[in-house]
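**Student:** no FASTA, just this:
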């Protein structure tokens, strides 16, 4: 996605409802000078790329995001990762760039993806309980055998 496409999609994602070219135009004009036809072309391009769907409303369209910004970010990360000649090294480098908050978010995401069963198992692996084997003791002696042994 180009810079202008990203600016338009940011508004579509933020508003989380079908939007018109005019609404996006008016919001963008608070930051820059831009023509109606430019915004219309960008939304049409986003529609052709599959990022928005549109529904006719009179002579205009209302545009709505097909997926979330999170899904878009995930697709970008997956695309970049899949193009690496060494995916493991790319992940190591990526993780090395992460802040503590991002690493915590990654841990949270892994727990969600793995599900509760895996999360519980990993907690056991990470924090094993220390158990001691039962003490081995001699069985209690049979009083009758003690008496017989004494008789010998």
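**Tutor:** All right, it came through fine. Everything quoted here is computed from the prediction, not taken from an experiment. Residues are numbered from 1 along each chain as shown.
**Student:** by mean pLDDT, point me to the weakest helix or strand of this protein.
**Tutor:** Scoring the helices and strands of the chain by mean pLDDT, DSSP states H and E places helix 143-151 at the bottom, with a mean of 45.
**Student:** number of nearby residues for residue 88?
**Tutor:** Residues near residue 88, counting by other Cβ atoms under 10 Å, number 8. Where C-beta positions appear, they are placed from N, C-alpha and C, glycine not excepted.
**Student:** show the model's pLDDT score for residue 70.
**Tutor:** For residue 70, the pLDDT comes out at 89.
**Student:** doesn't it belong to a strand?
**Tutor:** No - counting by DSSP: H, G, I helix; E, B strand; the rest coil, one finds residue 70 to be helix, located in no strand.
**Student:** residues in contact with it?
**Tutor:** Contact analysis of residue 70 by Cβ atoms under 8 Å, 6 or more residues apart in numbering lists nothing.
**Student:** how far away is it from residue 53?
**Tutor:** Distance check for residue 70 against residue 53: by Cβ to Cβ, to the nearest Å, it reads 18 Å.
**Student:** sounds good, over and out.
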